[in-house]
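Visitor: Fold the following for me, if possible:
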Amino acid sequence: MKAYTHNGYFTSLKSIVHFYNTRDVLPRCKPDDPGEGTTCWPAPEWTANMNTKRVGRLGLSEEQEDALVSFMQTLTDGFASFNAAR
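Guide: Below you'll find the predicted structure:
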């Protein structure tokens, strides 16, 4: 399974694009909230280095999120996966 960001919380490009689009729009989740990642986000681990000027409230529609993900999936550096080299 793929993992994204420093802590591996996100398992797809779509989920991380949605996070950067809605982090500061959606409310904080309550413990064990079934809407986590869709209708709410967990509290950040650390807030001192959060970029609140450029991400968190992008105003993208779902279609725009999907288009951004589609674009990113066309990018390649020539490697199939990090683990393939090990």
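Visitor: C-alpha only now, for contacts and for neighbours.
Guide: Will do.
Visitor: phi, psi of the spatially most central residue of the chain?
Guide: In the chain, the centroid-proximal residue (C-alpha atoms, centre = their mean) is I16; its distance is 1.2 Å. Here the main-chain torsion angles of I16 (degrees, to the nearest 10) amount to phi -80, psi -30.
Visitor: And it, how far from G78?
Guide: Plainly put, I16 is 22 Å away from G78 if you go by C-alpha to C-alpha, to the nearest Å.
Visitor: if I read this right, the residue nearest to the centre of the chain contacts H6, doesn't it?
Guide: No. I16 is beyond contact range of H6, at 11.9 Å (criterion: C-alpha atoms under 8 Å).
Visitor: wait, isn't R23 in contact with A43?
Guide: No. The pair R23 / A43 is not scored as a contact, 9.7 Å apart, by C-alpha under 8 Å.
Visitor: Between the two, point out the one with more neighbours.
Guide: R23 (23 against 12; other C-alpha atoms under 10 Å).
Visitor: can I get the CA coordinates of stretch 63-77 in PDB?
Guide: The C-alpha trace of stretch 63-77 is given here as PDB (Å, rounded to 0.1, in the frame of the first residue of the first chain):
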ATOM      1  CA  GLU A  63     -13.800  17.600 -10.400                       C
ATOM      2  CA  GLN A  64     -10.800  19.900 -10.000                       C
ATOM      3  CA  GLU A  65      -9.300  17.700  -7.300                       C
ATOM      4  CA  ASP A  66      -9.700  14.700  -9.700                       C
ATOM      5  CA  ALA A  67      -8.100  16.600 -12.600                       C
ATOM      6  CA  LEU A  68      -5.100  17.500 -10.400                       C
ATOM      7  CA  VAL A  69      -4.700  13.800  -9.400                       C
ATOM      8  CA  SER A  70      -5.000  12.700 -13.000                       C
ATOM      9  CA  PHE A  71      -2.300  15.200 -14.000                       C
ATOM     10  CA  MET A  72       0.000  14.100 -11.200                       C
ATOM     11  CA  GLN A  73      -0.400  10.500 -12.300                       C
ATOM     12  CA  THR A  74       1.100  11.400 -15.600                       C
ATOM     13  CA  LEU A  75       4.400  12.500 -14.000                       C
ATOM     14  CA  THR A  76       7.200  10.000 -13.700                       C
ATOM     15  CA  ASP A  77      10.800   9.900 -12.800                       C
END
